[in-house]
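Asker: predicted structure and sequence below. I'll ask about it afterward.
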Amino acid sequence: MMDYEKLLSRTAQEIEPSGIRRFFDLLGDRKDIVALTVGQPDFVTPWHIRVAAVESLEQGRTYYTSNSGTAELRSEIAAYMERRFGLVYAPENEIIVTVGGSEAIDLAMRAILNPGDEVVIPQPAYVCYGPVASLAGGVPVYLETKEKDRFKLTPEALRSAITEKTKLLVLPFPNNPTGAIMTKEDLEGIAEVLYGTDILVISDEIYCELTYGRDHVSIASLPGMRERTVVASGFSKSYAMTGWRLGYTLAPAEITKQMLKIHQYAIMCAPTASQFAAVEAMRHGDPDVAEMRAEYNRRRRYLVGGLQEMGIDCFHPEGAFYVWPNISKFGMSSEVFCRRLMEEGGVVIVPGTAFGKCGEGFARISYAYSVEHIAKALDRIEKFISSL
Amino acid sequence: MNELLKLLENDARLSPETLALMLDKEVGDIRSMIDECEREGVIVGYHTMIDWDKTDREYVTAMIELKITPQRGRGYDHIAQKIYNYPEVETLYLMSGGFDLAVFIKGRTMREVAFFVAEKLATLEDVVSTATHFVLRKYKDNNVVYGAVPTDERGTEF
């Protein structure tokens, strides 16, 4: 009999499985439930993008590409980042095409962290940063963002979290699950704290195309920040390409050089057909992005307005495709509220605690669903809360 | 305004309340915009899309190309009116290219359609020739793909 507990990696065993998954397991195979849980677009990848991948397969382009991705795609990414966010990166040695934004984050952590280095992670946030930092030998230091600050990271909070061991700050904006964004002024405050330190930044900008009312600003575009920042982004949310597993890193050549070695030995290269699709997306996909953004925006207003009309307090989200209502007035923990909503109300949403302890009192509702679907859910939520 | 019209074109059942939230407008404003569009003939009707192939209705759809010699001083509108007044005619377009009018009609049988063309359309004095094409299958109409009902297969871990 193998004693796996003793044999297997302690670090791996100590990692908690994703709370989003755990909650969803409770659902079983109940078919009468309306879910607003999914963290990926409901749109199908635009047809012209799919066609580009199919054509690459028809032409027999089934090889590995160069480790960092095709030269063509890296040039397109460089052109796109400059056109959209004013960021200038050299396709030759500052861009790596990765297997999704997730790999981009992993590469950055592994290339930057030494054992014991502290990683400041604002929460509520997507669940991967802490576990990935731990796997890279780092020590996650969670930092709560607050409703009164519109769930932004504030310079004061950041300053209070910095110790002499702090190596890295994760900036997850536009934020999953709160929908918070950081404006240029907000980022300037953060940059002010970082100037003169040796702290690096991973800016997770996977939702960069999904902001409503104003364009996303990358911290790397601020003076003095490019040299200490790895931008992690990808195609999943912007172009509805989650299943293609394609992302990228933008970072100074010295950081890119280290990340590329890890990518080379762990991954080889991102999927080739996906890379051909991505070239098409960046060349001709702007109208698709605009159309999807407009549709998300309508759903966002509808969902936030619907929740407010039934008396649920809801922070006004400006990015991503989630709303983050405050459910504390119902006098239940997030987990109990969400479980009862599922069992008695027939709607599943994700308890805030899946995104960090500070998510207590909140829940995440995704609007990557049709208005018709959201309407049905809102109807049920209203019935449920009036039964309380 | 165009955004409102596009939403309604896609789903006429969206209520003014829903539209108001989606578009960040007052319900009253949405109502008056819709009223105005209806009054001015911008919104000309509301329909439900039905896949009749999934019912027991027996029917055929045909597109008939008509070549026309319009009479002096009356243009195409006159002959068009004579054609679209038949209740059998569902859709009528004036076309550029190899023919002039595209007539879409539904009948119970091919025979019924053929009779309609021979007796009602071909005999009109401006009509030079007709060519009848029967629809074998409707794949997509008004942005809606006919056939399987989509299911949500997305993973939910994220």
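Answerer: Cool, the structure landed.
Asker: so A:Ala294: helix, strand or coil?
Answerer: Following DSSP: H, G, I helix; E, B strand; the rest coil, A:Ala294 is assigned to helix.
Asker: what's A:Ala71 sitting at in phi/psi?
Answerer: Dihedral pair for A:Ala71: phi -60, psi -40, per degrees, to the nearest 10.
Asker: does it touch A:Pro91 like I think?
Answerer: Yes. At 6.7 Å, A:Ala71 counts as touching A:Pro91 under the criterion of Cβ atoms under 8 Å. For glycine as for every other residue, the C-beta is placed from the backbone atoms N, C-alpha and C.
Asker: give me the more crowded residue out of the two.
Answerer: More crowded of A:Ala71 and A:Pro91, by other Cβ atoms under 10 Å in any protein chain shown: A:Pro91, with 18 against 12.
Asker: which of the helices or strands spans the more buried one?
Answerer: Assigned by DSSP states H and E, A:Pro91 belongs to no helix or strand.
Asker: got it, and B:Glu36?
Answerer: helix B:27-39.
Asker: in a strand, B:His128, correct?
Answerer: Not His; residue B:128 is Val. Yes. Assignment of B:Val128 by three-state DSSP places it within a strand.
Asker: next, the contact list for it, please.
Answerer: B:67-69 (Cβ atoms under 8 Å, 6 or more residues apart in numbering or on different chains).
Asker: buried by neighbour count: which residues of stretch A:29-47 qualify?
Answerer: Buried positions in stretch A:29-47, judged by neighbour count with 16 or more other Cβ atoms under 10 Å in any protein chain shown: A:33-42, A:45-46.
Asker: what about B:His78, which SS state?
Answerer: helix.
Asker: touching, it and B:Arg72? I think so.
Answerer: No. Contact criterion Cβ under 8 Å: B:His78 and B:Arg72 do not qualify, at 11.0 Å.
Asker: and these two? Which one has more around it.
Answerer: Of the pair B:His78 and B:Arg72, B:His78 is the one with more neighbours under other Cβ under 10 Å, namely 12 against 6.
Asker: if I pick A:Cys269, what's in contact with it?
Answerer: If you count contacts by Cβ under 8 Å, 6+ apart, A:Cys269 has them with A:64-69, A:97.
Asker: can we see that at 10 Å?
Answerer: A:63-70, A:96-99, A:263, A:275 (Cβ atoms under 10 Å, 6 or more residues apart in numbering or on different chains).
Asker: sorry, back to before: who wins for neighbours among the contacts of B:Val128?
Answerer: In those, the most neighbours by other Cβ under 10 Å go to B:Ile68, 18 neighbours.
Asker: rewinding a little: what's the closest of the contacts of B:Val128 to chain A?
Answerer: B:Lys67 (35.3 Å; Cβ to the nearest Cβ).
Asker: domains in chain B, by residue range?
Answerer: With domains defined by automatic domain parsing, chain B comprises B:2-39, B:52-137.
Asker: for chain B, what's its nearest residue on the stretch 51-200 of chain A.
Answerer: A:Tyr126 (7.8 Å).
Asker: how would you label that residue: helix, strand or coil?
Answerer: Once three-state DSSP is applied, A:Tyr126 turns out coil.
Asker: where do the strands sit along chain B?
Answerer: B:60-68, B:89-94, B:101-107, B:127-134, B:140-141, B:144-145 (DSSP state E).
Asker: tell me the residues of chain B that contact chain A?
Answerer: Residues of chain B lying close to chain A (Cβ under 10 Å from any Cβ of the partner chain) are B:3, B:6-7, B:10-11, B:13-15, B:17-25, B:150, B:152, B:154-158.
Asker: now the buried members of those residues.
Answerer: Applying 16+ other Cβ under 10 Å to the residues of chain B next to chain A flags B:7, B:14, B:18-23, B:154, B:156, B:158 as buried.
Asker: list the contacts of B:Ala118.
Answerer: Applying Cβ under 10 Å, 6+ apart, the residues near B:Ala118 are B:130, B:132.
Asker: how about the helices in chain A?
Answerer: Counting by DSSP state H, chain A has helices at residues A:4-7, A:10-14, A:19-25, A:47-58, A:71-85, A:100-112, A:129-135, A:155-161, A:184-194, A:253-266, A:272-284, A:286-309, A:334-340, A:371-386.
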